[in-house]
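1. Predicted model follows, preceded by the sequence.
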Amino acid sequence: MEITRRDFMHIAAIFGLGAVASGCTTPKTVDQISLSDIYDFKATGNFTLMHICDLHAHIKPLYWREPSTLISAPNLVGTPGFLCGESFANHYGLEPSSLDAYFDTYMDFDALARKFGKMGGVAHIKTLTNRIIKERGKENVLFLDSGDTWQGTGVALKSDGEAIVKAQNYLGIDTMVGHWEFTYGKKRVKELIEMLDAKFISQNVVGDDPFADEYEELIFEPYTIEEKGGAKIGIIGQSFPFTSTANPKEFTEGWSFGLRLETLQEYVNELRNEKKVDCVVVLSHDGFSVDQEVARQVNGIDFILSGHTHDPSPTPITINDTVIVIAGSHGKYIGRLDIDAKDGKVNGYEYKLIPIASNMIPADPKGVKLVNDLYAPYDKEFNEVLGQTKGMLYKRDTFFSTFDQLINDAVMDEMKCDISFTPGYRWGTTILAGDDILMDHVYEMCAITYPNVYTFELKGAKIATLLEDIADNVFNSNPLYQQGGDMSRLGGATYSIAVANKAGERISKLKIGGEPIDLDKTYKVSSWGGNLQKAGENLQEDKIRPVYYVVRDYIKREKIVDVSNKGNVTLLDYSCGCPKKGSRGC
C-alpha cells in the first residue's frame with residue numbers, strides 16, 4: 001500500500017500526532033511511524049474509559065461505507081447524529097481523501113478503501129487497548145460496550161452468540177448493555193451472560209408477567225460501581241428502550257422496556273447522594289439523538305456513552321453539563337475517554353475517537369488465532385464464492401442501498417411478488433466493485449434469528465398506511481419517538497416523500513410495478529425481518545424460506561450482479577442527501 005507524504009499528514013492529524021502535524025519536529029516517513037506515535041494522546045486525570053458500540057459481531061476486519069443520505073425532520077437534520085458526507089466533513093473539519101474522511105464519510109470510498117484497507121477486527125482492537133492499558137495501568141482502565149454486539153454475522157448466528165461472547169472476553173469488556181442481543185431469546189441471553197466475563201446492566205428492563213417471580217422487578221442490575229484510579233465511578237445501564245416493538249415480542253415476552261427517565265434520574269441521585277460516587281456514567285443504547293434529549297431531561301449525568309445509531313462523532317457534544325460520546329459501529333473505532341474525577345465531581349477530560357485502521361495497527365496474534373478458531377467450523381460454507389458484483393454493494397442510507405436492492409431483487413425473483421419489503425437495518429458490510437461475493441457477506445447482511453421471507457396478500461390501502469407509519473417513526477421531529485432504523489427498502493415500488501410534512505401526509509406518487517397504487521387492489525407482498533406477515537392474508541406457507549438462502553441462490557444464478565445505484569425514492573423537500581443544519585440544500 002503506497003501512502004504519500006500528504007496522506008501521512010492526514011494520518012498524523014487523525015491519530016493526534018500534534019508535534020508532527022504542527023511542524024514542531026522533522027516529519028517522519030510512514031515507515032517510521034511507531035505505535036507510540038499512532039497512539040499519542042494527551043493523558044488526563046486518574047482513569048480511562050474505553051468505549052465500543054454496535055460491533056454487530058464483526059470480529060474480522062471489514063469495509064463499512066458511511067451513508068450518502070442521512071435525512072431527518074427539519075429541526076434535526078444537519079445536527080450531530082444526522083450528518084454525512086460533505087456536511088459531516090465540514091462540521092468536523094475533515095480533509096478530502098484523508099484517512100478520517102475515509103472512515104467517517106462515503107466520499108471516494110472505493111478509491112480510499114483500496115488505498116487504506118479494511119477497518120476494525122478484534123485482533124487489531126486488542127493491540128490498541130493493550131497499549132492504552134499498558135500506558136494507564138489496568139487498575140485505572142475500564143472497557144465499556146454499548147451493545148448490539150452479539151448479532152450480525154454468520155459466526156454469531158451459527159454459534160447462537162457464543163463466538164462473540166468469547167471475543168468480548170478476549171477483548172476484556174468490563175460492562176455492557178443490549179438490544180439485538182435480546183433476539184436470541186430470554187433463555188439464551190441468560191446463558192450467554194453466564195459465559196460473559198463482563199457485567200450486563202440495565203435500569204430500564206423490568207418484568208411485566210404477573211405470573212413470573214420477576215414481575216415488576218428489574219431483570220438486570222441497574223448499575224455498577226467501579227473504583228479506578230482512586231475514583232468511584234457509577235455506571236448506569238440503558239438498554240434499547242424500544243426492543244419489544246422494534247423486534248418480535250416473543251423474544252422478550254414477560255419483559256418490559258422503555259426509556260424510564262424517572263427511574264434513571266432516581267439512580268443518578270442515588271449514586272451521587274447515597275453512594276457518593278465521583279463520576280456518573282450512563283452506558284446507553286438509546287441512540288445518539290435520543291441521548292441528547294436524555295441529557296436535557298435528566299440532571300447530574302457526567303458522561304453518556306451512546307450507541308445504537310452507528311454515528312461516528314470525533315468531537316463530544318455537551319448538553320446541560322453532560323458530555324455525550326458515541327463510537328461509530330462495526331468495530332471501526334474505539335473511543336478513549338480520560339477523566340479527572342475526585343471529591344464527587346469531574347474536573348476535566350480528554351477524548352479521542354480512534355479509527356481501527358487494520359492495515360496500520362498490527363493484529364494481536366492471540367486474536368488472530370481466536371478468530372480463525374471461531375470461524376473454522378464454518379469456513380467451507382462461509383468462503384464459498386457465490387458470484388461477483390459489478391458495482392459497490394453497500395448498506396447504509398436513509399431510503400435505499402445497493403445491498404438491500406440486491407436482497408429485494410432476490411426475493412422478488414423467487415417469490416414472484418408485486419412488492420417486497422426489506423427492513424432498514426443499519427448493520428451489514430460493504431463489498432467493493434468487482435469483488436467476489438462470499439456466503440459470509442450474505443450472512444453479514446441477513447444473519448438474524450428470524451430470517452424467514454413470508455409471502456402473503458395486502459390491500460393497497462394497507463400498504464400506503466404502513467409506509468406512512470414507518471416514515472413517522474424515521475422522521476418524527478421528537479427523537480424520543482424515533483425507534484431506530486432507516487426507511488424500509490422496497491422492491492417493485494417507487495414513491496416520493498416530503499419529510500417535513502405532518503404524519504400521514506409525507507408519501508405521494510406511490511407506484512407498484514410502474515403503475516399508481518390502487519388502494520382497493522389486493523397485492524402479493526413478500527417481507528422479512530419484521531411482523532408484516534401478521535397484517536396480511538393468505539400466507540403462502542410453502543414459500544417460507546430464510547432470506548440468506550434466497551439471496552445465496554439468486555447470486556449463484558446471476559453469477560455477476562449489477563445493481564443500479566439509482567434509488568427508487570424521490571426526496572421532495574431536500575436537494576441533497578446530506579443537507580446542512582437549517583438548510584434544505586447542501
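-> Great, that's in hand. Residues are numbered from 1 along each chain as shown.

2. Look up phi and psi at residue 338.
-> phi -90, psi 130 (degrees, to the nearest 10).

3. partner residues bridging it?
-> residue 48, residue 350 (DSSP bridges).

4. didn't it look like it was pressed against residue 347?
-> No: counting by CB atoms under 8 Å, residue 338 stays clear of residue 347, with 11.7 Å between them. Just so you know, the C-beta spots here come from the backbone N, C-alpha and C atoms, and that holds for glycine as well.

5. More neighbours: these two, which one.
-> residue 338 (23 against 13; other CB atoms under 10 Å).

6. so who does the more buried one touch?
-> 41, 42, 43, 44, 45, 47, 48, 136, 349, 350, 351 (CB atoms under 8 Å, 6 or more residues apart in numbering).

7. how close does the closest residue to residue 207 other than its chain neighbours get to residue 447?
-> Among residues not flanking residue 207 along the chain, residue 214 sits closest, at 3.8 Å (CB to CB, 6 or more residues apart in numbering). Distance, residue 214 to residue 447, by CB to CB, to the nearest Å: 30 Å.

8. higher neighbour count, those two?
-> Per other CB under 10 Å, whichever of residue 214 and residue 447 has more neighbours is residue 447, with 24 against 13.

9. quick one: residue 182 from residue 189, how far?
-> Residue 182 is 6 Å from residue 189, by CB to CB.

10. same question but for residue 183, I mixed them up
-> In terms of CB to CB, residue 183 sits 9 Å off from residue 189.

11. In contact with the residue lying closest to residue 337 once chain neighbours are set aside, which residues?
-> Nearest residue to residue 337, sequence neighbours excluded (CB to CB, 6+ apart): residue 49, at 4.4 Å. By CB under 8 Å, 6+ apart, residue 49 lies in contact with 141, 142, 143, 144, 281, 303, 305, 335, 336, 337, 339.

12. Kindly report the same for residue 141.
-> 47, 48, 49, 50, 132, 133, 228.

13. now, which of these sits nearest residue 486?
-> Closest approach between those and residue 486, by CB to CB: residue 50, at 28.5 Å.

14. what's the burial count for the closest one?
-> Counted with other CB under 10 Å, the neighbours of residue 50 add up to 26.

15. swap in residue 198?
-> Count around residue 198 with other CB under 10 Å applied: 20.

16. before we move on, what about residue 211?
-> If we define neighbours as other CB under 10 Å, then residue 211 has 6 of them.

17. And the one 4 residues further on, by the same measure?
-> Burial of residue 215, expressed as a neighbour count using other CB under 10 Å, amounts to 13.

18. What of residue 269?
-> Applying other CB under 10 Å, I find that residue 269 has 14 neighbouring residues.

19. List the contacts of residue 271.
-> Residue 271 touches 223, 225, 234, 236, 277, 280, counting by CB under 8 Å, 6+ apart.

20. Give me the distance between it and residue 281.
-> For residue 271, the distance to residue 281 - CB to CB - is 10 Å.

21. what is in contact with the two at once?
-> 234, 236.

22. Now do stretch 467-480: everything it contacts.
-> By CB under 8 Å, 6+ apart, the list of residues contacting stretch 467-480 reads 71-76, 259, 287, 289-290, 292-293, 398, 424, 481-483, 485-488, 495, 497, 499, 503-507, 510.

23. let me fix that: stretch 206-219
-> 202, 203, 205, 253, 254, 255, 256.

24. re earlier: neighbour count: residue 182 and residue 189, which is higher?
-> Per other CB under 10 Å, whichever of residue 182 and residue 189 has more neighbours is residue 182, with 25 against 22.

25. Please name the bridge partners of residue 225.
-> residue 234.

26. Residue 545 versus residue 555, what's the distance?
-> When residue 555 is compared with residue 545 (using CB to CB), they lie 15 Å apart.

27. buried stuff in stretch 439-457?
-> Residues of stretch 439-457 classed as buried: 439-449, 451, 453-457 (neighbour count, 16 or more other CB atoms under 10 Å).

28. ok, now stretch 256-269?
-> For stretch 256-269, the neighbour count (16+ other CB under 10 Å) marks 256, 257, 259, 260, 261, 263, 264, 265, 267, 268 as buried.

29. What is the three-state secondary structure of the last one?
-> It refers to residue 268. helix (DSSP: H, G, I helix; E, B strand; the rest coil).

30. which residues touch the closest residue to it other than its chain neighbours?
-> Spatial nearest neighbour of residue 268, chain neighbours left out: residue 300 (4.5 Å); criterion: CB to CB, 6+ apart. Each residue near residue 300 by CB under 8 Å, 6+ apart is listed here: 265, 268, 269, 272, 280.

31. which one of these is nearest residue 165?
-> residue 280 (27.7 Å).

32. so after the helix or strand hosting that closest one, what's the next helix or strand?
-> Using DSSP states H and E, residue 280 sits in strand 279-284. Using DSSP H and E, the helix or strand that follows strand 279-284 towards the C-terminus is helix 288-297.

33. got the contact list for that next one?
-> 72, 76, 79-82, 238, 241, 259, 261, 264, 282, 284, 286, 301, 304, 306, 308-309, 311, 313, 317, 319-320, 322, 324, 326, 478-480, 482.

34. among those, which ones are buried?
-> 72, 76, 79-82, 238, 241, 259, 261, 264, 282, 284, 286, 301, 304, 306, 308-309, 311, 313, 317, 322, 324, 326, 479-480, 482.

35. tell me which residues in stretch 321-335 are buried?
-> Quick answer for stretch 321-335 (16+ other CB under 10 Å): 322-335.

36. what sits against residue 582?
-> residue 78.

37. got a pLDDT number for residue 309?
-> Looking at residue 309, its pLDDT reads 95.

38. and if you look at residue 4?
-> On the pLDDT scale, residue 4 gets 44.

39. The one 3 residues further on too?
-> Predicted confidence (pLDDT) for residue 7: 43.

40. circling back to that earlier point, could you give me the PyMOL selection string for whichever of the contacts of residue 338 are buried?
-> Listed next is the PyMOL selection for buried residues among the contacts of residue 338, using 16+ other CB under 10 Å:
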select buried, resi 41+44+45+47+48+136+349+350+351
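
41. Filter the contacts of residue 49 down to just the ones in strands.
-> 141, 142, 143, 144, 281, 303, 305, 335, 336, 337, 339 (DSSP state E).

42. can I assume residue 222 is in contact with residue 200?
-> No: counting by CB under 8 Å, residue 222 stays clear of residue 200, with 11.4 Å between them.
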